[in-house]
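Asker: Sequence first, then the predicted structure:
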Amino acid sequence: MTKTLRVTSAAVALTAAMTFAQAAQAGPTGSHTFRVTATVPVACWVRPASPVLAETGRSGQVVEACNSPGGFTISANYRPLLATEKARLIYGNMAVDLAKSGDQVLRRSNLATIRTIDYRFDEVELEQPLVLALTIQPI
């Protein structure tokens, strides 16, 4: 992400005068405009407060953080469900029936953000324990 900043102040102009000859001629009451650009690396993470274990009524929180200007996707990876198994996850304000494949998109965001999401499991019918590993991918 590149940000362009416009800075106009006597103090900054005075500092810039050490580097830029034009600023030195303007004196401390003059103002100048210059452009500063910086590249900020994309950083994303998702951290559950405790392991995300599928059991009816089990709940918890997840911190999602990503500074990607295009947003991000949160996904869950888990063992494939048997034909007789099912689990519903309420993630934030969305109800998601977990896919039999073992891969499920939980949320897409179209902006950079840091937030805490509440989740809980409903209608869980499993023959074996099910632990979800959450991942985040910048868009």
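Answerer: Received, thanks.
Asker: Can you give me the buried ones in stretch 39-52?
Answerer: Of all the residues in stretch 39-52, those buried under the rule 16 or more other CB atoms under 10 Å are Cys44, Val46, Pro48, Val52. All C-beta atoms are positioned from the backbone trio N, CA, C, and that covers glycine.
Asker: Find the nearest non-adjacent residue to the second one, please.
Answerer: Nearest non-adjacent residue to Val46, counting by CB to CB, 6 or more residues apart in numbering: Ile136, 4.2 Å away.
Asker: That neighbour: how many residues sit nearby?
Answerer: Using other CB atoms under 10 Å, Ile136 has 19 other residues around it.
Asker: picking up where we left off before, from the buried residues of stretch 39-52, which is closest to Asp97?
Answerer: The closest of the buried residues of stretch 39-52 to Asp97 turns out to be Val52 (CB to CB; 15.8 Å).
Asker: What pLDDT does the model give the closest one?
Answerer: Per-residue pLDDT puts Val52 at 98.
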